[in-house]
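Q: predicted coordinates and the sequence they were generated for:
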Amino acid sequence: MNNNKPKIALMAFGGNALLPEGQDGSQAEQIKNSKKAARLMSKIIRKGYELIIVHGNGPQVGNLLIQMEESINNVSPYSLEICDAMTEGSIGYMLETSIRNELRKESIDKEISTLITPVLVDRNDPAFHNPTKPVGPFYTKSRARELQRKKKWALVEDSGRGYRKVVPSPKPIDIVSKKTIHDLVLSGKIVITAGGGGIPVIINGKGLFQGVEAVIDKDYAASLIAQEVGVDLFIILTNVDRVYLNYGKPNEKPIKKMTIEKAKKYLSQGQFPTGSMGPKVKAAIEYIKHQGKEVLITSTNYLGRALNKQSGTRIVGSSF
């Protein structure tokens, strides 16, 4: 055992933290929101943790795909995995600058690295036969037929608003840059990595890496990084202060702490839906199963209190 190993925290949060619903997604708004996020991250650093950051990018990639569709007659569009890389860079830059400035205010001298992060998925993952994740703009029926014919895209009608492209959402099986992440964080650097769940790649028939159009759940990717690096605290930020049983019902009940056995039981009962808390709890379970120590699920507004064990939900192993 390495007694000199620093405490490491990994924080995962959605792209909506930088581009909330209701905002127009301007550069100025996202920079302002990144400054708020940086203040949250400084709280973790002040607690004595080295820090890994995994962010979402759904709204940002969506806007980029809309921009490309609008300019398609003038500029050749990029594929989805290239858009992932582009937004990893742009969001990483905004977060890097905001964190660096926040730490300067507190006279904390730390280097920050943003990694454009390929994440390996299985080319035989069943998700590739059943694409379900909608991305990008809404298309008219005639435009959807044209794209299906020309590009072989899968498109579905979306609640009367038009047609949207759907792509697979395979499970991540390896973080290609895991050694780099490990070495950087152990050397005391803040690492921003696997934005949007990372860039999906497969090993093709020639044994080479190849990008694919897909969406990787950022919480699953974050869990895999947490396992690979051996972090001490895995923080998942969401839009509620903690996990609830019977959420949104008159008999809802907050969960302050639960074992992975309890978490599995509640999942089997349908307490944590697939479209909301389900993937976060599943990501927490996978991390704990692989010798993880503790998961904290909370909201941005309650992170400070949650770090002091006054809010949030903690998920741990078999014993308290």
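A: Received, thanks. Numbering: from 1, shown residues only.

Q: what's the burial count for F234?
A: Look at F234: counted by other CB atoms under 10 Å, it has 29 neighbours. No exception for glycine: its C-beta is placed from N, CA and C like everyone else's.

Q: now do the contacts for the residue nearest the centre of the chain.
A: Taking CA atoms, centre = their mean as the criterion, K218 is the residue nearest the geometric centre of the chain, at 2.7 Å. K218 sits next to A12, G14, V54, H55, G56, N57, A194, G195, G196, G197 when contact means CB atoms under 8 Å, 6 or more residues apart in numbering.

Q: domain map for this structure?
A: Per automatic domain parsing, the structural domains of the chain span 8-121+174-316, 131-167.

Q: got those as JSON lines, with mean pLDDT columns?
A: Shown next, in JSON lines, are the domains of the chain (pLDDT from 0 to 100):
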{"stretch": "domain 8-121+174-316", "mean pLDDT": "94"}
{"stretch": "domain 131-167", "mean pLDDT": "93"}
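
Q: which of those domains sits most buried?
A: domain 8-121+174-316 (a mean of 18; mean count of other CB atoms under 10 Å).

Q: how far does that one sit from the chain's center?
A: How far domain 8-121+174-316 lies from its chain's middle: 3 Å, per CA atoms, centre = their mean, to the nearest Å.

Q: all the helices of the stretch 151-300 of the chain, residue numbers only.
A: 178-186, 218-229, 260-268, 278-289 (DSSP state H, counting those that start in this stretch).

Q: mind putting those helices in CSV, distance to A85 included?
A: Shown next, in CSV, are the helices of the stretch 151-300 of the chain (distance: least, CB to CB, whole Å):
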stretch, distance to A85
helix 178-186, 16
helix 218-229, 14
helix 260-268, 33
helix 278-289, 23
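
Q: among those, which is nearest K105?
A: helix 178-186 (22.7 Å; CB to CB).

Q: and the contacts of that closest one?
A: By CB under 8 Å, 6+ apart, the residues outside helix 178-186 that reach it are 5-6, 8, 50-52, 113, 115, 117, 175, 191, 193, 225, 228-229.
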